[in-house]
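Colleague: Need a 3D model of the sequence below.
(2 chains)
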Amino acid sequence: MGQHLTESPVAPAPKAPLAGLGRYLPARAKVGRQLPGMARTLGISLASMAVFLLLWQMSASYLYGVEASARIERTVREQGPEAGAQMEACIASGDVSCKPNTLPFPSEVLHAAGLLLADHREISAKKAEFNTETAELNVVRAEQGLDPIVYTGRPSFVDQIGTSLKTVAVGFLISLLIAVPIGIIIGLNDTLRIAFNWMIQVFKPVSPVVWLLLVFMIVKTLTLGSDSDTSFLISCISVGLCSMWATLVNTSLGVSSINKDYLNVARVLNLGIGKKIFKVILPSAIPVIFTGMRITVSVAWMVLIAIELLAQSPGLGSFVWEEFQNGGSDSNAKIIVAMFVIGLVGFLLDRIMFWVQQRVSFEKAVG
Amino acid sequence: MPPIIEFKNVSKWYGEGDSRTEVLSNINLTIEEGEFLAIVGFTGSGKTTLVNMMTGLLQPSEGEVLYRGQPITGPAPERGIIFQNYSLLPWYTVFQNVALAVDEVYPQWSREEREAHVRKFVEMVGLSHAVDKRPSELSGGMRQRVSIARVLATDPDLLLMDEPLGALDALTRGNLQDEILQIWSANRRSAVLITNDVDEGIYMADRIIPLDPGPAAGLGPEFRIELDRPRDKTDMNHDPHFKRVRTEILNYLVQLGEAGKQQSDASLTLPDIQPIKPGSRSFVSKWRRA
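Modeller: All right, here's what the predicted structure looks like:
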């Protein structure tokens, strides 16, 4: 945390160790010092947001101007001055048919967010209606041993977020299942650490795209003959493989750097290997492991978008790609909406991991 | 009956070849059943290495260490040790720290029996009020008490203490000396105390053996302490036997120190000092409970 101690979420005046200090400070002084700190953070954040929006607005209008004049020039060159004047009037009127296609204005993005929400409500309503209509039929089909009929219409933006979260959750789980046990084993055993080291060093920097292709090759062969949709499987395995390295490295580091005193306690008590791992080694390594898991979650979320985009699996990535391919009048604005949503969700995921880390570890997490 | 611990021509060194440092050289030592032995020596003279060979955490490079006539191959709860730096597991409460040992040593007992046993020993060291606290919330003296309770709860045959009170203030130190003696005299187990405080050794032990300063430390002559128990610190100071033994031991150690100075040309043995940082941990646990 680079900011003030007073404004950080983990520093509400600790009682015991600093109690001595408290005696010399009146209670009000402490609150007084904390409040301006928070107000200051809030003020600075709001001000920087305003500057950000202003810069955005300015660059958007500059790019809009460039795009508009280029479009008018082209019309004049290709269809003559009359058509050029028409085009100029059309652009000035703000008509969708001749709107310059460039970086959208903040207001457009806000509008697009509203559209996406409205679209979601509409689709949800349709879905609910569809479900009530098919409910009876599905009961009959279930009795006949047939698969129920499900809604297969276009997913809304909110549905896409849900799908992406699901993919990232499964991917994260896969990475934990691989990275934590291997990390513990290579943390405990020197020989295995050396054996795995080259693998970690070589595969860690490999791009998500290449992982996706690798997973695609393997999954394609393994699922030969089955006609189920493998895109979800491919994307979540790829996410897991891309993101597991931080957890793997941190787990082995946390396990191998355990305080010798704790190991001596385990040895003197003759703890079995299971008890030694779960009661001594893991608790001591958990702060470091969780730091790795936090990195894993953020990497998973980051690579997810690229992977979904390539794997044609539903989610925010394919949403962004489809919007880009559509080239509709509000596509650019929707892409920017998706960008903010992706950022916010990533931030939330990190906060959740931080919160969990605080709960399970005996040491303070630095976040 | 074989003695409880026997060192036969034991040497211990670290490293091989040119980098070989001999810590202990040709140690012969017998500890009898029920005896309270103190080993005094300068810091860095290999006292911890010596005690770790009794626990089984270290193996001798040469010679053998016997426990009741059998060579020691590894650590066992029957030789309980109180570590110098407490070695409590910071993620467990006082209760859980003691329970970890009790569960391991008495797996055949029922849950209730084991729990009662843990509480009994936590109470014995006067920490009932802190049974659910974590080590970071305790003072140094309280932590060492927990460590003592953890060892005593396993009812070891031989109680090993590696400078158990070294990091404590004089007052706490005195109190804990009395407590350890009280508990020890209740069932008269064998005990080995490693210390750098001659007075502490004389006050607590039946026999004191100085450890010559390393490298390649050997044992000095033994000094028997023939003072009746329970001993009283104030009276003891005027006892002629106490005065004599104390002077003898101190003279011996001073001579060793002088000899060491003359010998030493360049090789300095740095003191084995471990920093103790209770601040950051207690900070968190306080916050987490808030």
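Colleague: Spell out which parts of the stretch 151-300 of chain A neighbour chain B.
Modeller: Among all residues of the stretch 151-300 of chain A, those adjacent to chain B (criterion: CB under 8 Å from any CB of the partner chain) are A:261-262, A:264-265, A:267-271, A:275, A:279-280, A:283-284, A:286. In this view, the C-beta of every residue, glycine as well, is placed from N, C-alpha and C.
Colleague: which one of the residues you listed sits closest to B:Glu6?
Modeller: A:Val268 (20.4 Å; CB to CB).
Colleague: How many neighbouring residues does that closest one have?
Modeller: Using other CB atoms under 10 Å in any protein chain shown, the number of residues around A:Val268 comes to 27.
Colleague: Nearest residue to it in space, please, no chain neighbours.
Modeller: Nearest non-adjacent residue to A:Val268, counting by CB to CB, 6 or more residues apart in numbering or on different chains: B:Pro75, 4.5 Å away.
Colleague: which SSE is the one you found in?
Modeller: Using DSSP states H and E, B:Pro75 falls within no helix or strand.
Colleague: what pLDDT does it get?
Modeller: We have a pLDDT of 89 for B:Pro75.
Colleague: contacting residues for it?
Modeller: A:Arg267, A:Val268, A:Leu269, A:Asn270, B:Thr55, B:Gly56, B:Leu57 (CB atoms under 8 Å, 6 or more residues apart in numbering or on different chains).
Colleague: From the contact counts, what lies against the strand or helix carrying B:Arg143?
Modeller: Here B:Arg143 sits within helix B:140-152, counting by DSSP H and E. Judged by 3 or more CB pairs under 8 Å, 6 or more residues apart in numbering or on different chains; DSSP states H and E, helix B:140-152 is in contact with strand B:79-82, helix B:94-105, helix B:111-124, helix B:170-187.
Colleague: Redo these as CSV? Include mean pLDDT and distance to A:Met244.
Modeller: Below are the helices and strands packed on helix B:140-152 laid out as CSV (pLDDT from 0 to 100; distance: least, CB to CB, whole Å):
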stretch, mean pLDDT, distance to A:Met244
strand B:79-82, 90, 40
helix B:94-105, 92, 32
helix B:111-124, 91, 39
helix B:170-187, 83, 49
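Colleague: Among the ones you listed, which comes closest to A:Val139?
Modeller: helix B:111-124 (49.8 Å).
Colleague: Identify the residues contacting the closest one?
Modeller: B:94-95, B:98-99, B:102-103, B:106, B:109, B:128, B:131, B:146, B:149-150, B:152-153, B:183.
Colleague: can we see that at 6 Å?
Modeller: The contact list for helix B:111-124 (CB atoms under 6 Å, 6 or more residues apart in numbering or on different chains) reads B:Phe95, B:Val98, B:Ala99, B:Val102, B:Tyr106, B:Ser128, B:Val131, B:Ala149, B:Leu152, B:Ala153.
Colleague: quick revisit: let's see which of the contacts of B:Pro75 end up in helices.
Modeller: Members of these lying in helices (criterion: DSSP state H): A:Arg267, A:Val268, B:Thr55.
Colleague: what does the stretch 1-150 of chain B have sitting close to chain A?
Modeller: B:Leu57, B:Pro75, B:Pro77, B:Ile81, B:Ser87, B:Pro90, B:Trp91, B:Ala101, B:Glu104 (CB under 6 Å from any CB of the partner chain).
Colleague: if we go to 7 Å?
Modeller: Contact residues, the stretch 1-150 of chain B versus chain A (CB under 7 Å from any CB of the partner chain): B:55, B:57, B:75-77, B:81, B:83, B:85, B:87, B:89-91, B:100-101, B:104, B:137.
Colleague: how much space between the residue nearest to A:Val268 and B:Val198?
Modeller: 29 Å (CB to CB, to the nearest Å).
Colleague: Need phi/psi at B:Val40.
Modeller: Per-residue torsions, B:Val40: phi -110, psi 150 (degrees, to the nearest 10).
Colleague: A:Ser284: helix or strand, and which one exactly?
Modeller: helix A:282-311.
Colleague: Distance from the chain centre to that helix, please.
Modeller: 10 Å (CA atoms, centre = their mean, to the nearest Å).
Colleague: pLDDT of it, averaged?
Modeller: 89.
Colleague: Could you point out the helix or strand that follows that helix?
Modeller: Taking DSSP H and E, what comes next after helix A:282-311 is helix A:316-326.
Colleague: Count the residues that sit near residue 184.
Modeller: I went with chain A, as the question did not name one. For A:Ile184, using other CB under 10 Å, the count is 20.
Colleague: sorry, should have said chain B
Modeller: 20.
Colleague: Contact partners for it?
Modeller: For B:Trp184, the contact set (CB atoms under 7 Å, 6 or more residues apart in numbering or on different chains) comprises B:Phe36, B:Leu159, B:Ala191.
Colleague: which residues of chain B fall in helices?
Modeller: With DSSP H as the criterion, chain B has helices spanning B:47-55, B:94-105, B:111-124, B:140-152, B:170-187, B:198-204, B:233-236, B:240-263, B:279-289.
Colleague: Which residues does the fourth one contact?
Modeller: If I follow you right, that is helix B:140-152. B:80-83, B:86-88, B:94, B:97-98, B:101, B:121-122, B:124-127, B:130, B:135, B:159, B:164-165, B:167-168, B:172, B:176, B:180, B:183.
Colleague: repeat that for 8 Å
Modeller: B:80-83, B:86-88, B:94, B:97-98, B:100-101, B:121-122, B:124-127, B:130, B:135, B:138, B:159, B:164-165, B:167-169, B:172, B:175-176, B:179-180, B:183, B:276, B:278.
Colleague: out of those, which are buried?
Modeller: With neighbours counted by 16 or more other CB atoms under 10 Å in any protein chain shown, the contacts of helix B:140-152 contain buried members at B:80-83, B:86-88, B:94, B:97-98, B:100-101, B:121-122, B:124-125, B:127, B:130, B:135, B:138, B:159, B:164-165, B:167-168, B:172, B:176, B:180, B:183, B:278.
Colleague: Return the residues in contact with A:Trp245.
Modeller: A:Ala179, A:Ile200, A:Phe203, A:Lys204, A:Thr296.
Colleague: After the helix or strand hosting the first one, which helix or strand is next?
Modeller: I take that to be A:Ala179. Assigned by DSSP H and E, A:Ala179 belongs to helix A:157-188. Once helix A:157-188 ends, the next helix or strand along the chain (criterion: DSSP H and E) is helix A:190-203.
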